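In: Provided below are the primary sequence and the corresponding predicted coordinates.
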Amino acid sequence: MLKDGVVCVGIEKERITRKKHDGGNDTDAIQYCLAAEGITLADVALVVQTANFEIPDRNRFHGKRVFSKMEYPPLVTISHHLAHAYSAVGTCDFDACVVMVIDGCGSPYEQCMDSSEGMILPENLAQLAQNQLWCEKDSFYHFDGQKVTPLLKDFSPIEKQTETGLKLPTTKHSIGGFYAAISHYVFGNMDDVGKLMGLAPYGKEGLIQQEAFEFKCGSLLVRDDWKNELTNPSTGYAFFKENFQYYADVAFWAQKQVEKAVRWCFEDRLRRFPHANVCYGGGVALNAVANAFLLDDGILENFYIEPAAGDNGLALGCAYYGWLEVLKKPKVKHNENSCFGKSYSRREIMDSLKDSPKNWKVEELNSEELVESVAQFLAAGKTIGWFQDHAEFGPRALGHRSILAHPGIEGLGDHINANIKFREDFRPFAPAVLPEFASSYFRSGRKSPYMILVDRTKEEYLEKLRNVTHVNGTARVQTVDKTWNNLFFELIQAFERQTGLALLLNTSFNKKGMPIVETPEQAIALFEESALDILVLNQVMIEKK
């Protein structure tokens, strides 16, 4: 929801319903936003919607929507990649830029609402789309500070599913579809495609020789010959563990293929339409390794990646489209904050603790006392559930819904995976670092406030940062911005004064299969269930005795 051109509230439905990747009816999310602002639909000037992969003109909402048979507000519908593009430009700091969108599947060709004269399309697309459904897979736009204009769009036919172990979901030639297919092959599901990126560093090259992609006439295509090499799909976690190295090698190969494909897309589009400022959205933009590859190789100059680059960010894009394109209002500079959830009052927090176990020590502290106490616990090796006001919008916990720990105490990372997150032991953790110290610990030391770029830990710090450095020496760094993440910034400062390390282990406040916690009650439940030592709810600190 935008108010006067500025994001005032935003939530992903799964945080409310507690069902991972929950879709369908949008009533819960809409009511959350209205309640957070203390308004009704009568106070809303405009609603903009999109869907994946069809325009929402069918009964896919599994129940009555808030907007059903109402005279207000006006309801506008836009296509998928256009929403991704507006999501990126609405939150970026550029006055003008180009925008890359790469994902698994967008809107069908016939439903794209962003065509323009002179835009480059695949040859014979209109004729081909009459016989088969073709959907967006990558798009390239220009933003002039007010309007997004498409420059080039590529499409892929819908892939017919087979009974083999390897299934490309939805589209045949998309990078996102390829990555999701490999994730399904490796893990036996598509619930968390990002796990593949964490597994890849355990692999080695040589298992598969074929290339996954080829480039013809300006289009990225997925080849078929490599599929013959993948004949041993996972049947579940036990089978995966028994064949760990094999699946790690597959993940390694797949990650390298994605890096090559993403690089080609950027190089080709920027060769055709050069620009110093580049925005990036769509699910593939969440691949932090490929993102860093683009910067390390000097392919891009000024690069902004939308923090909610996946389909959760579509809501942001819809809102910005409504403000900029429909209402014709000027863009208001975004303050880089990506925490759009509602705030929880002291009364709500204390009410949620009324039935807490008697052996919990509950105390209210001012900000200075809080950061000093928590820093002492962290220095001693304690694990902290850190819950602060407005939840992050997007897949990364950035210091508002985080689990925190010491970055260097041996065994602590394994403990968090096994006894707090209840997840696979190969999953990595991120370092949250004070920006002025980033170049001390990491090779590039670049700005990375949204934990969406990897860096390489300097050799002299590999032991001291063992819990936040992956097996291949890389780390998905978060540089903590004081302007919109002040208390977390101060906590790391306090930890640095006590330990000499200006960074913390940061991971999302959830367990495997669970959305990140949204409410104090959800945080308390996971605190009670897991081996977390301390829970902080705004200014309230709870310690298990």
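Out: Structure received.
In: for this protein, what helix or strand is lowest in average pLDDT?
Out: helix 125-129 (a mean of 84; mean pLDDT, DSSP states H and E).
In: In that helix, which of the residues would be classed as buried?
Out: Applying a neighbour-count criterion of 16 or more other CB atoms under 10 Å, the buried positions in helix 125-129 are Ala129. Heads up, the C-betas are built off the backbone N, CA and C, glycines and all.
In: Stretch 251-259 now?
Out: 251-259.
In: just stretch 112-126 next, same as before
Out: 112, 114, 121-122.
In: Ok, stretch 317-337 next?
Out: For stretch 317-337, a neighbour-count test (16+ other CB under 10 Å) marks 317-325, 331, 334, 336-337 as buried.
In: from the chain's centre, how far out does that stretch sit?
Out: 21 Å (CA atoms, centre = their mean, to the nearest Å).
In: And for it, what's in contact with it?
Out: 1-2, 4-7, 45-50, 76, 78, 82-93, 145-148, 281, 449, 481, 483-484 (CB atoms under 8 Å, 6 or more residues apart in numbering).
In: hmm, which of the residues you listed are the buried ones?
Out: 1-2, 5, 7, 46-50, 76, 78, 82-92, 148, 281, 449, 481, 484.
In: Return, as residue ranges, the portions of the protein with sub-threshold pLDDT.
Out: Where the chain drops to pLDDT under 70, the residues are 53-61, 68-71, 160-170, 190-192.
In: re earlier: could you dump the least confident helix or strand of the chain to CSV, C-alpha only?
Out: As requested, the backbone C-alpha atoms of helix 125-129 are provided in CSV (Å, rounded to 0.1, in the frame of the first residue of the first chain):
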residue,chain,number,x,y,z
LEU,A,125,5.8,-15.1,-32.1
ALA,A,126,2.3,-13.9,-32.9
GLN,A,127,1.9,-16.9,-35.3
LEU,A,128,3.4,-19.4,-32.9
ALA,A,129,1.3,-18.2,-30.0
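In: Tyr72 against Leu41, yeah?
Out: Yes: with contact defined as CB atoms under 8 Å, Tyr72 counts as touching Leu41 (6.4 Å).
In: With adjacent residues omitted, what lies nearest to Val89?
Out: Phe143 (4.4 Å; CB to CB, 6 or more residues apart in numbering).
In: Please give me every residue in contact with the one you found.
Out: For Phe143, the contact set (CB under 8 Å, 6+ apart) comprises 85, 89, 94, 96-99, 149, 279.
In: Which of those residues fall in helices?
Out: Counting by DSSP state H, the members of the contacts of Phe143 that fall within helices are 85, 89.
In: and which of the contacts of Phe143 is nearest Asp425?
Out: Here the nearest of these to Asp425, counting by CB to CB, is Cys279; it sits at 36.0 Å.
In: Excluding sequence neighbours, find me the nearest residue to the closest one.
Out: Excluding its sequence neighbours, the residue lying closest to Cys279 (CB to CB, 6+ apart) is Ala88, at 3.9 Å.
In: Over to Lys482?
Out: Going by CB to CB, 6+ apart, Lys482 has Phe489 as its nearest residue, at 4.3 Å.
In: Ser402 now?
Out: Excluding its sequence neighbours, the residue lying closest to Ser402 (CB to CB, 6+ apart) is Trp386, at 4.6 Å.
In: Most widely separated two among the contacts of Phe143?
Out: Longest distance between any two of those is 14.7 Å, between Phe94 and Thr149; criterion CB to CB.
In: between these two, who's got more neighbours?
Out: With neighbours defined as other CB atoms under 10 Å, Phe94 and Thr149 compare such that Phe94 has more, 18 against 15.
In: Got the phi and psi for that one?
Out: With angles defined as degrees, to the nearest 10, Phe94 sits at phi -90, psi 140.
In: Identify the residue spatially nearest to it, adjacent ones excluded.
Out: Per CB to CB, 6+ apart, closest to Phe94 is Asn277, 4.4 Å.
In: Validate this expectation: Tyr321 resides in a helix.
Out: Yes: residue state for Tyr321 (DSSP: H, G, I helix; E, B strand; the rest coil) corresponds to a helix.
In: quick one: the strands in the stretch 201-350 of the chain?
Out: Assignment of strands within the stretch 201-350 of the chain using DSSP state E, counting those that start in this stretch yields the ranges 213-216, 219-222, 277-281, 302-305.
In: sorry, back to before: the residue nearest to Lys482 contacts Leu434, correct?
Out: Yes: in this structure, Phe489 is within contact of Leu434 by CB under 8 Å, at 7.0 Å.
In: Just give me the neighbour total for the nearest residue to Leu133 once chain neighbours are set aside.
Out: If you skip the residues right next to it in sequence, Leu133 has Ile158 as its closest partner in space, 4.6 Å away by CB to CB, 6+ apart. For Ile158, the neighbour count with other CB under 10 Å is 17.
In: dump the residue contacts of Asn287.
Out: Asn287 sits next to 179, 197, 255, 258, 262 when contact means CB under 8 Å, 6+ apart.
In: picking that back up, ramachandran angles for the residue nearest to Leu133?
Out: phi -70, psi 130.
In: Next step: the contacts of Asn287 restricted to helices.
Out: Of these, the ones assigned to helices by DSSP H are 179, 197, 255, 258, 262.
In: What is the most widely separated pair among those?
Out: Across the ones in helices among the contacts of Asn287, the longest distance by CB to CB is 12.7 Å; it joins Met197 and Val262.
In: before we move on, the earlier item: is it possible to get CSV of the contacts of Phe143 that adds distance to Gly236?
Out: What follows is the contacts of Phe143, written out as CSV (distance: CB to CB, whole Å):
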residue, distance to Gly236
Ala85, 38
Val89, 42
Phe94, 45
Ala96, 50
Cys97, 44
Val98, 43
Val99, 40
Thr149, 47
Cys279, 39
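In: Quick one: end-to-end distance for stretch 117-126.
Out: Stretch 117-126 has an end-to-end distance of 15 Å (CA to CA, to the nearest Å).
In: Could you do stretch 416-435 as well?
Out: First-to-last residue span, stretch 416-435, CA to CA: 25 Å.
In: chain center to that stretch, what's the gap?
Out: 16 Å.
In: Stretch 289-303 now?
Out: Its chain's C-alpha centre and that of stretch 289-303 lie 18 Å apart, by CA atoms, centre = their mean.
In: In strands, which of the contacts of stretch 317-337 fall?
Out: 2, 6-7, 47-49, 76, 148, 281 (DSSP state E).
In: nearest to Gly399, of those residues?
Out: When the ones in strands among the contacts of stretch 317-337 are ranked by distance to Gly399 (CB to CB), Val7 comes first, at 17.9 Å.
In: wait, doesn't the closest one sit right on Ala308?
Out: No: between Val7 and Ala308 no contact is recorded; they are 10.8 Å apart, counting by CB under 8 Å.
In: list the residues that contact both of these two?
Out: Between them, Val7 and Ala308 share the neighbouring residues Leu316, with contact defined by CB under 8 Å, 6+ apart.
In: Centroid-nearest residue for the protein?
Out: Within the chain, one residue has its C-alpha closest to the average C-alpha position: by CA atoms, centre = their mean, that is Pro395, at 3.7 Å.
In: Contacts only, for that one.
Out: Under the criterion of CB under 8 Å, 6+ apart, the contact partners of Pro395 comprise 194, 286, 308, 310, 312, 508.
In: and those residues as JSON lines, adding distance to Val186 and neighbour count?
Out: Rendered in JSON lines, the data for the contacts of Pro395 read as follows (distance: CB to CB, whole Å; neighbours: other CB atoms under 10 Å):
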{"residue": "Gly194", "distance to Val186": "12", "neighbour count": "15"}
{"residue": "Leu286", "distance to Val186": "17", "neighbour count": "27"}
{"residue": "Ala308", "distance to Val186": "25", "neighbour count": "27"}
{"residue": "Gly310", "distance to Val186": "20", "neighbour count": "25"}
{"residue": "Asn312", "distance to Val186": "24", "neighbour count": "21"}
{"residue": "Ser508", "distance to Val186": "21", "neighbour count": "21"}
